[in-house]
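>>> Quick one, fold the following:
(2 chains)
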Protein chains: 2
Amino acid sequence: MDISTYYGSIFLENSILFFLDLFDTIVSTTHLVMKRKKRNDMQSFPTIIQYRHIHLSSVDHVLLFGENVKGTTLRKLGQKEQVVFQEMVEIIGKNGVILKAHVLGPERDKTQVELSATEAFALGINAPLRVSGDSDHSASCILKGPKGEVQAKMCVIIPVRHLHLPPRLAKKYNLEQGSIISLQTVQHPFQEIDQVIVRIHPTFRPEFHLTFDEASTFWLQTGDAVHLL
Amino acid sequence: MDISTYYGSIFLENSILFFLDLFDTIVSTTHLVMKRKKRNDMQSFPTIIQYRHIHLSSVDHVLLFGENVKGTTLRKLGQKEQVVFQEMVEIIGKNGVILKAHVLGPERDKTQVELSATEAFALGINAPLRVSGDSDHSASCILKGPKGEVQAKMCVIIPVRHLHLPPRLAKKYNLEQGSIISLQTVQHPFQEIDQVIVRIHPTFRPEFHLTFDEASTFWLQTGDAVHLL
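Down below sits the predicted model:
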């Protein structure tokens, strides 16, 4: 596997250990290997670019925005009940740079910050590449809202590119939770996008999610179709 | 004007001078003020996210790729004859990070590298915010291709968000080259996108271009409609 290709296109020459850590993470979080039947059909999925964003716990939401302050929905997302709030939070790392990111709803049990590799590097945050929800031993940062600040520990990840599928489609393609698959762009010359992790849930719409870093590399825009290879 | 809003969402706390420089650039490159009639129509334009990319001079193309090596078209862009080549070049700044960027065609008289603010910061390149083509006293970097390396001087900019218009539409809206306008998203709650520069050319399709940094802030995706305010 070419880790540089996998990781979008950012090469941290001075941070070999960072890459090794990413590689370990990929291996440990993707324990199931692709076991698919040969298919003749060409199911295609829309690409969605994942912007940097923050999922907040209810405790952290109160600390950042105050008591009884509800988010204003800016956009609905493709995944059930997920929304982008108009409200933004400042993310502060070690580099004297602040990036603002939108808060997503609904609230989660645990606060999680999702960044692209370039954003993490610019902020000075050594974030691991992870499946969303898996933030054990991930990176820390400071979050700042209009009402307060939070020392957010073990919450920053770079989300692994992934394909959302409902169980019906996963079954049709013989894919399991955590399967690693390859996708292909539909426009000639075709580009192969390997190391895509399958995530299955009854509420999921079939969508391919990747960070803008990776989107830049493949020059994919939201809505572009990709299909199973 | 709130420079932080204008500049997407990156605050370089340690680089106030950097921001003042950006502000000067905006003022100096946008000498024409918006003079528009009141309109009742709601012309809308599609949003296009500008990924990092490189325009190469023919001399630099040979230095990076070798003699008689032509680019392979990966995608056609909305603007006439512009294409994204499959080939990528490494951009090297002062921070030990390398970002790969696609080369765009056709070749230009002068090499130009266009980055988002976050990418420039991650690379350690103090790039000014400029209208494409205006790279006087802009930042420098090293470009590395499969055949060689180029010390690319005064070529790195952060492209100012802009609205492309053909002369016919510009006349209809009473807009001139360099007019500064405000756009609005069409989805409620409406977001105002101010400080958008108008660029007019007979080959231009009406499109609103912005970097991913700004796109993250407004949570705009390629294809989303915006209209004149």
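>>> Run through chain A and note the low-pLDDT ranges.
Applying pLDDT under 70 to chain A flags the ranges A:1-42.
>>> domain parsing for it?
Domain ranges of chain A: A:3-48+A:161-228, A:50-158, per automatic domain parsing.
>>> Relative to the whole chain's centre, how far out is the last one?
When distances are taken as C-alpha atoms, centre = their mean, to the nearest Å, domain A:50-158 is centred 12 Å away from the chain's centroid.
>>> and it with chain B, contact?
Yes. Against chain B, domain A:50-158 shows contacts by C-beta under 8 Å from any C-beta of the partner chain at A:51-52, A:72, A:74-75, A:84, A:86, A:88, A:90, A:95-102, A:118-119, A:121-122. In this view, the C-beta of every residue, glycine as well, is placed from N, C-alpha and C.
>>> Got a PyMOL select line for the buried ones in those?
To isolate the buried ones among these in PyMOL, judged by 16 or more other C-beta atoms under 10 Å in any protein chain shown, type:
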select buried, chain A and resi 51+52+74+75+84+88+90+95+97+98+99+100+101+102+118+119+121+122
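>>> ok so, going back, out of the domains of chain A, which one sits most buried?
Of all those, domain A:50-158 has the most neighbours on average by mean count of other C-beta atoms under 10 Å in any protein chain shown, namely a mean of 19.
>>> start to end distance for that one?
Start-to-end span of domain A:50-158 (C-alpha to C-alpha, to the nearest Å) is 10 Å.
>>> do the same with stretch A:107-115
Its start and end residues considered, stretch A:107-115 measures 18 Å (C-alpha to C-alpha).
>>> isn't residue A:101 right next to residue A:85, touching?
No. The criterion here is C-beta atoms under 8 Å, and residue A:101 misses it with residue A:85 at 10.7 Å.
>>> Distance of residue A:159 relative to chain B?
Residue A:159 sits 14 Å away from chain B, going by C-beta to the nearest C-beta, to the nearest Å.
>>> same question, residue A:174
Distance of residue A:174 to chain B, given as C-beta to the nearest C-beta: 31 Å.
>>> give the contact list for the residue nearest the centre of chain A.
What sits nearest the mean C-alpha location of chain A, by C-alpha atoms, centre = their mean, is residue A:159, with 2.9 Å. Going by C-beta atoms under 8 Å, 6 or more residues apart in numbering or on different chains, residue A:159 touches A:50, A:114, A:129-132, A:209, A:211.
>>> what does residue A:138 give?
Going by C-beta under 8 Å, 6+ apart, residue A:138 touches A:127-128, A:130, A:154-157.
>>> Just give the nearest non-adjacent residue to residue A:133, would you?
Distances taken as C-beta to C-beta, 6 or more residues apart in numbering or on different chains place residue A:112 nearest to residue A:133, at 7.4 Å, with adjacent residues excluded.
>>> Is that neighbour in contact with residue A:154, as I believe?
No. At 9.6 Å, residue A:112 does not count as touching residue A:154 under the criterion of C-beta under 8 Å.
>>> Find residues that contact each of those two.
residue A:135.
>>> about what we covered before: could I get the domains of chain A as CSV with distance to residue B:193?
Formatted as CSV, those follow (distance: least, C-beta to C-beta, whole Å):
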stretch, distance to residue B:193
domain A:3-48+A:161-228, 18
domain A:50-158, 14
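>>> Need the distance between the two termini of stretch A:221-229.
19 Å.
>>> So what touches it?
By C-beta under 8 Å, 6+ apart, the residues outside stretch A:221-229 that reach it are A:36, A:39, A:42-49, A:173, A:181-187, A:192-193, A:208, A:215, A:220, B:48-49, B:221-223.
>>> Among those residues, name the ones in helices.
Taking DSSP state H as the definition of helices, the contacts of stretch A:221-229 contribute residue A:215.
>>> How about residue A:204: what's its closest non-neighbour residue?
Of all residues not flanking residue A:204 in the chain, residue A:164 sits nearest, at 4.0 Å (C-beta to C-beta, 6+ apart).
>>> got the end-to-end distance for stretch A:102-118?
End residues of stretch A:102-118 are separated by 17 Å (C-alpha to C-alpha).
>>> Stretch A:191-205 now?
Using C-alpha to C-alpha, the two ends of stretch A:191-205 sit 23 Å apart.
>>> cool, and stretch A:98-113?
Start-to-end span of stretch A:98-113 (C-alpha to C-alpha) is 14 Å.
>>> can you check stretch A:195-215 too?
Across stretch A:195-215, first to last residue, C-alpha to C-alpha, it's 14 Å.
>>> so how far is it from its chain's centroid?
Centroid displacement of stretch A:195-215 relative to its chain, using C-alpha atoms, centre = their mean, is 8 Å.
>>> same thing with stretch A:43-50?
In terms of C-alpha atoms, centre = their mean, the centre of stretch A:43-50 is found 13 Å from the chain centre.
>>> same check, this time on stretch A:167-186
Centre-to-centre, stretch A:167-186 and its host chain are 17 Å apart (C-alpha atoms, centre = their mean).
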